[in-house]
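Trainee: Mind folding the following:
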Amino acid sequence: MRVLISLLGMDQHEVGALTVAGILRDAGYEVLYLGRFQTPQSIIRAALEEDAQVIGISCYSWDFRLFLPQLMEGLKAEGLKVPVVVGGGILSEEDERWLRALGVRGVFRAGSTPEQILSFFASLDRSGQRRGRPTR
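Mentor: A predicted model of the protein is given here:
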């Protein structure tokens, strides 16, 4: 599975993103790390160019509230049916409800374990959510 991981906007707290990238890589996933200061458009472009099968967004600042709706709309406009997963220590229960209403497939708040993350990705794999190229 090819997983694209990034941070949106001016969020520069990448320790969590790098940790999750390592967890996934060590479990055999192909991880494409875009890094900090990305826009919805740059993430969509990379997902298309790299045939990403899952997009992971790390949230440690409030920029996600502005940029996640734009990312989700942009993916829809491109016809990309790539599951989006969001994680971060600042996410509240209310944020999780809001993210899921946007169509985000997985939300990992503070205290999420590597086992929970890997179990979620395995469920995507079993459900066929990641097979083949992103649908356009």
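Trainee: Which secondary structure state is assigned to Ser112?
Mentor: Put simply, Ser112 is coil when judged by DSSP: H, G, I helix; E, B strand; the rest coil.
Trainee: swap in Tyr33?
Mentor: Assigned state for Tyr33: strand (three-state reduction, three-state DSSP).
Trainee: which SSE is the residue nearest to Phe37 when sequence neighbours are not counted in?
Mentor: Using CB to CB, 6 or more residues apart in numbering and skipping the chain neighbours, the partner closest in space to Phe37 is Met10 (6.7 Å). Where you see a C-beta, it was placed from the backbone N, CA and C, and this is true even at glycine. For Met10, there is no enclosing helix or strand under DSSP states H and E.
Trainee: swap in Gly56?
Mentor: strand 54-58.
Trainee: so who does the residue nearest the centre of the chain touch?
Mentor: When the chain is reduced to its mean C-alpha position, the closest residue under CA atoms, centre = their mean turns out to be Gly56, at 1.6 Å. Residues near Gly56 by CB atoms under 8 Å, 6 or more residues apart in numbering: Val3, Leu4, Ile5, Ser6, Ala17, Val20, Val84, Val85, Val86, Gly87.
Trainee: for Leu99, same thing?
Mentor: Leu68, Val86, Leu91, Val107.
Trainee: repeat that with 6 Å
Mentor: Val86, Val107 (CB atoms under 6 Å, 6 or more residues apart in numbering).
Trainee: how near is it to Arg65?
Mentor: Leu99 sits 10 Å away from Arg65, going by CB to CB, to the nearest Å.
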